[in-house]
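**Student:** heads up, no residue letters with this:
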Ligand SMILES: CC(C)(COP(=O)([O-])OP(=O)([O-])OC[C@H]1O[C@@H](n2cnc3c(N)ncnc32)[C@H](O)[C@@H]1OP(=O)([O-])[O-])[C@@H](O)C(=O)NCCC(=O)NCCSC(=O)C[C@@](C)(O)CC(=O)[O-]
Ligand SMILES: NC(=O)C1=CN([C@@H]2O[C@H](COP(=O)(O)OP(=O)(O)OC[C@H]3O[C@@H](n4cnc5c(N)ncnc54)[C@H](OP(=O)(O)O)[C@@H]3O)[C@@H](O)[C@H]2O)C=CC1
């Protein structure tokens, strides 16, 4: 039998003999993707050849994508090295960042060099736990209260059910929320080095079965949106989700003046009037300048779930002058959902990003690499905040983007 070619496979799809999303059952993954490119190009008239130039085996991406055409390539650079004094990550590191925004890495790079000149940034993970919150239907508020009491009395049962599905995940707690005849149970897990959404979804499903077997509650949806995944939500800002991580630095006045062309007072005032008051007036959840930039660029470079930039950018930046007239700056990211195993972290280019940080795969102890990644991203965000606030102080934002960003 002759080997299938992209042309012969495309012809079979057109004839209705093979389904578009089942091409991998009839050819290797690279040939299947080439056949799909041909079909999409013919249908749309688009030139999709560039999508076919990628540096990994399509088969390696099978768990990460369906209907694969090829790959979008985002340029990747580094900022740094930056000195980090973390709870899980210490020393000088280059921060891998993938972006198409000119001037972004230059800015974070400037922030990194200033942070390093000042002796490095301190970073710590202050809370950890990935959540899944199913919603149950009950008859009325009396039954809701009965379910809440049952959950409080039976956490051991829930833990046993949930943890039967994972060798790494640990159920930390279950927090109930009642709205009339709806009961939301926010399960929170230590997922170690995994971001953990698949892990906690599978584990929570098992716990829900135990609840339905023992109570009158009916599971309506395994995710009831109090989790809250991939949506802006105050619960994540207040309670945290994934890792809550903070970073700070104190920068001598002379360094602010010489390297950032502004003063500690100007940066503190801009932070208050822009990041705090401006964000409050806008009704924002992110009281920062552009934490999403560092989070998104490092998420792409290290194989994180890019939709979770929504929660990752849930951050507050503070800036103040110290009694000695120097500058103190901090960022606190409430809900940074990251992992160094699972998801997109296995793909070769993303694995290279984690290797640049020295934290690819499971940590020793388990969870330490996930903490280290969170600290690295927090320091990248801190450097970005510092540099952008300074550029606003020196009125260099527009000229920087005129020079570098277009
Ligand atoms: C562009 C700079 C850094 C110039 O800043 P500068 O101080 O005039 O530049 P410099 O030539 O003196 O270089 C200072 C340092 O910057 C770095 N640097 C400088 N150039 C490069 C480069 N080409 N590649 C890599 N690194 C670079 C590098 O670390 C260098 O030190 P050196 O190594 O030379 O000792 C500065 O003007 C700046 O940071 N501007 C701010 C730009 C910025 O932060 N953009 C972020 C994106 S804005 C956005 O997306 C969100 C927004 C703004 O809408 C959010 C909001 O509402 O606030
Ligand atoms: N299902 C959903 O609702 C959602 C899924 N996602 C997707 O979920 C994926 C991420 O889920 P996630 O569960 O992190 O990844 P995976 O589904 O890839 O699972 C990771 C697994 O790695 C194993 N593992 C090995 N070493 C370690 C270690 N050191 N620490 C922790 N786990 C380890 C664990 O197995 P074991 O459990 O057997 O111990 C863990 O379950 C992403 O692709 C994301 O896009 C995103 C949002 C929602």
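**Tutor:** That came through, no problem. A quick note: this is a predicted structure, and the numbers were derived from the prediction, not measured. Ligands and ions are numbered 1, 2, ... in the order given.

**Student:** next, count neighbours for residue 176.
**Tutor:** Around residue 176 there are 18 other residues, counting by other C-beta atoms under 10 Å. Every C-beta, even on glycine, is put in place using the N, C-alpha and C of the backbone.

**Student:** after the lengthiest helix in the chain, next one along is what?
**Tutor:** Counting residues, the longest helix found in the chain (DSSP state H) is helix 368-393. Per DSSP states H and E, helix 368-393 leads on to helix 397-404 as the next helix or strand towards the C-terminus.

**Student:** hmm, back to that, touching ligand 1 at all, the longest helix of the chain?
**Tutor:** Yes. Using C-beta under 6 Å from any ligand atom, we find that helix 368-393 touches ligand 1 at 387-388, 391.

**Student:** okay, these in JSON lines with distance to residue 319 next?
**Tutor:** Below are those laid out as JSON lines (distance: C-beta to C-beta, whole Å):
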{"residue": "387", "distance to residue 319": "12"}
{"residue": "388", "distance to residue 319": "12"}
{"residue": "391", "distance to residue 319": "14"}
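
**Student:** near ligand 2, from those?
**Tutor:** The overlap between the residues of helix 368-393 next to ligand 1 and the neighbours of ligand 2 (C-beta under 6 Å from any ligand atom) is empty.

**Student:** could I get these as TSV with pLDDT, neighbour count and distance to residue 248?
**Tutor:** Below are the residues of helix 368-393 next to ligand 1 laid out as TSV (pLDDT from 0 to 100; neighbours: other C-beta atoms under 10 Å; distance: C-beta to C-beta, whole Å):
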residue	pLDDT	neighbour count	distance to residue 248
387	97	29	15
388	97	26	17
391	95	23	20
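
**Student:** quick check: residues of the stretch 101-250 of the chain near ligand 2?
**Tutor:** Contacts of the stretch 101-250 of the chain with ligand 2, taken as C-beta under 6 Å from any ligand atom, map to 166-169, 191-199, 201, 229.

**Student:** show me which pair in those residues is furthest apart.
**Tutor:** Based on C-beta to C-beta, the longest span within those runs between 167 and 229 and measures 23.1 Å.

**Student:** care to break this structure down by domain?
**Tutor:** Taking the TED database as the domain assignment, the record places the domains of the chain at 25-73, 76-128+244-405, 134-221.

**Student:** would you confirm that residue 31 contacts residue 9?
**Tutor:** Yes. Counting by C-beta atoms under 8 Å, residue 31 sits close enough to residue 9 to count as a contact (6.8 Å).

**Student:** neighbour count winner among these two?
**Tutor:** Here residue 31 and residue 9 are set side by side on neighbour count (other C-beta under 10 Å), and the busier one is residue 9, at 22 against 19.

**Student:** so the more buried one is in contact with residue 28, correct?
**Tutor:** No. With contacts defined as C-beta under 8 Å, residue 9 does not count as touching residue 28, sitting 10.7 Å away.

**Student:** which outside residues touch stretch 10-29?
**Tutor:** Applying C-beta atoms under 8 Å, 6 or more residues apart in numbering, the set of residues contacting stretch 10-29 from outside is 3-4, 9, 32, 35-36, 38-39, 42, 57-59, 61-62, 66-68.

**Student:** quick one: mean pLDDT over the one helix or strand residue 186 maps to.
**Tutor:** For residue 186, the element it lies in under DSSP H and E is strand 182-190. Rounded to a whole number, the mean pLDDT of strand 182-190 is 98.
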